[in-house]
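Predicted model, plus sequence, below.
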Amino acid sequence: MKKTTFQPPWWLSYPHMQTIWSTLCRRPLKHFLLRRERFELPDGDFLDLDWTQNSHGPIVLILHGFEGSIKSPYAKGMLQAIYQQGWRGVLMHFRSCSGEDNRLPRIYHSGETTDIDFVVAMLKKREPTTPIAVIGFSLGGNVLLKWLGETGKNNPLHAAVAISVPFELHKAADRLNQGLSKMYQWYLLRSVRNKIKHKFQRMPAPFPLPKLTDIHSLRDFDDKITAPLHGFLDANDYYTKSSSRQYLNNIHIPTLLLQSKDDPFMTTDLLPQPDELSPHVTLELTEKGGHVGFVTATFPWQAEYWLEKRVPIYLENYF
């Protein structure tokens, strides 16, 4: 385990404040131009990718979290940090997350690794000698780590970073149904229920949908929607097969895990132990930081985002 440099400010040491600060209080990035590219997938669906404007240098692919997109402040902030390094940043929207419904009667989930595999393969085919790294946030971090473990020694990346990962989906789902963490569940559940409602207003559902307003937890949503929509028996089957913790010992590229002990999306018992990590994986664990928070500064008007400094420092070693 690596010693961390992150220290929260006195006014932002509470985990929920760390978690919601960048969403509610971060100043929007202005005049930061991106270009969109659409990848057509072999199954007839598509993925939308948003690129920074620089045309040369290593490629850093970002995987957003649950119900995230280019509108997520952490995603755009990290793209700007990548751009300032002279690298090419690109955000891969999961299916249905780019502002346009995907074509097939499915969306995305925590264990879907075929899309990132396809995108990285296409990038390598287009530029065989260009170094590529991937950064995954939350759900995107789980997807990334699962894919790294699945591909093992055959993975083409130079490096990877996974941030605030729910390594065991069962425990993360239960945590979000407790205490103040229910406010995140409510927000995410509202978003994904609206997405499903809108999607199946324009196409027939592949199975009889339950009444969405009767779904009151993410576990219930995964049991009644995510699992049958993506070929799992139920939520437990989905969580068991998709959790990334079981894949960590088969990762063969340099990988940094950035986690906070006070993350309100999870409990400390789902953090991997040293003997579960391959020699290529480094866990950097902070005492505080919330979920994809890690905000620093002496005063509120000086807020800075530690991840946007720490991650480029790590990737620079492999570029």
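Nice, I can see it. Numbering: from 1, shown residues only.

okay, CA-based contacts and neighbour counts for the rest of this
Fine.

in the stretch 1-150 of the chain, which spans are helices?
All helices of the stretch 1-150 of the chain, identified by DSSP state H, counting those that start in this stretch, fall at 15-24, 73-84, 114-126, 139-151.

Which of the ones you listed has the lowest mean pLDDT?
Looking at these, the lowest mean pLDDT belongs to helix 15-24 (a mean of 90).

returning to what we had before: the helices of the stretch 1-150 of the chain into TSV, with extra columns for mean neighbour count?
Formatted as TSV, the helices of the stretch 1-150 of the chain follow (neighbours: other CA atoms under 10 Å):
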stretch	mean neighbour count
helix 15-24	18
helix 73-84	21
helix 114-126	15
helix 139-151	26
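
Next, format these as a markdown table and append distance to residue 187.
As requested, the helices of the stretch 1-150 of the chain are arranged in a markdown table below (distance: least, CA to CA, whole Å):
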| stretch | distance to residue 187 |
| --- | --- |
| helix 15-24 | 12 |
| helix 73-84 | 16 |
| helix 114-126 | 26 |
| helix 139-151 | 15 |
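
So which of those is nearest residue 47?
helix 114-126 (8.2 Å; CA to CA).

Does anything pack onto the lowest-mean-pLDDT helix or strand in the chain? Which helices or strands?
Lowest on mean pLDDT, DSSP states H and E among the helices and strands of the chain sits helix 15-24, with a mean of 90. Secondary-structure packing of helix 15-24 (3 or more CA pairs under 8 Å, 6 or more residues apart in numbering; DSSP states H and E): helix 73-84.

The helix it packs on vs helix 15-24, what angle?
70 degrees (axes from the mean of the first three to the mean of the last three CA atoms, to 10 degrees).

Packing partners of helix 73-84?
helix 15-24, strand 46-52, strand 88-92, helix 307-316.

Wait, residue 92 touches residue 63, no?
Yes - using CA atoms under 8 Å, residue 92 is in contact with residue 63, at 5.8 Å.

show me where the stretch 101-250 of the chain has strands.
For the stretch 101-250 of the chain, the strands defined by DSSP state E, counting those that start in this stretch occupy 132-137, 159-163.

can you pull the buried residues of the longest helix along the chain?
Identified as the longest helix of the chain according to DSSP state H is helix 182-199. Of all the residues in helix 182-199, those buried under the rule 16 or more other CA atoms under 10 Å are 182, 184-185, 188-189, 192-193, 195-196, 199.

Let me have the residues you listed in TSV, adding distance to residue 276 and pLDDT as columns.
Shown next, in TSV, are the buried residues of helix 182-199 (distance: CA to CA, whole Å; pLDDT from 0 to 100):
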residue	distance to residue 276	pLDDT
182	30	97
184	29	97
185	29	97
188	30	97
189	32	97
192	33	97
193	35	97
195	36	97
196	36	97
199	39	96
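
just the residues you listed now: which is nearest residue 96?
residue 195 (8.0 Å).

I'd like the distance between the spatially most distant residue from the centre of the chain and residue 40.
Farthest-out residue of the chain from its mean C-alpha position, per CA atoms, centre = their mean: residue 208, at 29.7 Å. Separation of residue 208 from residue 40 (CA to CA, to the nearest Å): 29 Å.

go on, residue 225?
25 Å.

of those two, who's got more company?
residue 225 (23 against 12; other CA atoms under 10 Å).

how much space between that one and residue 219?
Taking CA to CA, one finds residue 225 at 10 Å from residue 219.

ok, now residue 233?
13 Å.

Same question for residue 194.
In terms of CA to CA, residue 194 sits 17 Å off from residue 219.

before we move on, what about residue 107?
17 Å.

what about the two, which has more around it?
Applying other CA under 10 Å to residue 107 and residue 219 shows that residue 219 carries more neighbours, namely 23 against 20.

pLDDT value on that one, please?
98.

My read is that it contacts residue 238, right?
No - Residue 219 lies out of contact with residue 238 (CA under 8 Å); the separation is 10.3 Å.

Convert stretch 101-121 to CSV, retaining C-alpha atoms only.
Output of stretch 101-121 as CSV, limited to C-alpha atoms (Å, rounded to 0.1, in the frame of the first residue of the first chain):
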residue,chain,number,x,y,z
ASP,A,101,-30.6,6.5,-26.5
ASN,A,102,-28.6,3.6,-27.8
ARG,A,103,-30.3,1.4,-30.4
LEU,A,104,-30.5,-2.0,-28.7
PRO,A,105,-32.9,-3.0,-25.9
ARG,A,106,-30.1,-2.9,-23.3
ILE,A,107,-28.0,-0.2,-21.7
TYR,A,108,-24.7,-0.7,-19.7
HIS,A,109,-23.7,-2.3,-16.4
SER,A,110,-20.8,-2.7,-14.0
GLY,A,111,-19.5,-5.8,-15.6
GLU,A,112,-19.7,-4.9,-19.3
THR,A,113,-16.2,-5.2,-20.7
THR,A,114,-16.7,-5.9,-24.4
ASP,A,115,-17.2,-2.2,-25.2
ILE,A,116,-13.9,-1.0,-23.7
ASP,A,117,-12.2,-4.0,-25.3
PHE,A,118,-13.5,-3.0,-28.7
VAL,A,119,-12.7,0.7,-28.3
VAL,A,120,-9.1,0.1,-27.2
ALA,A,121,-8.6,-2.5,-30.0
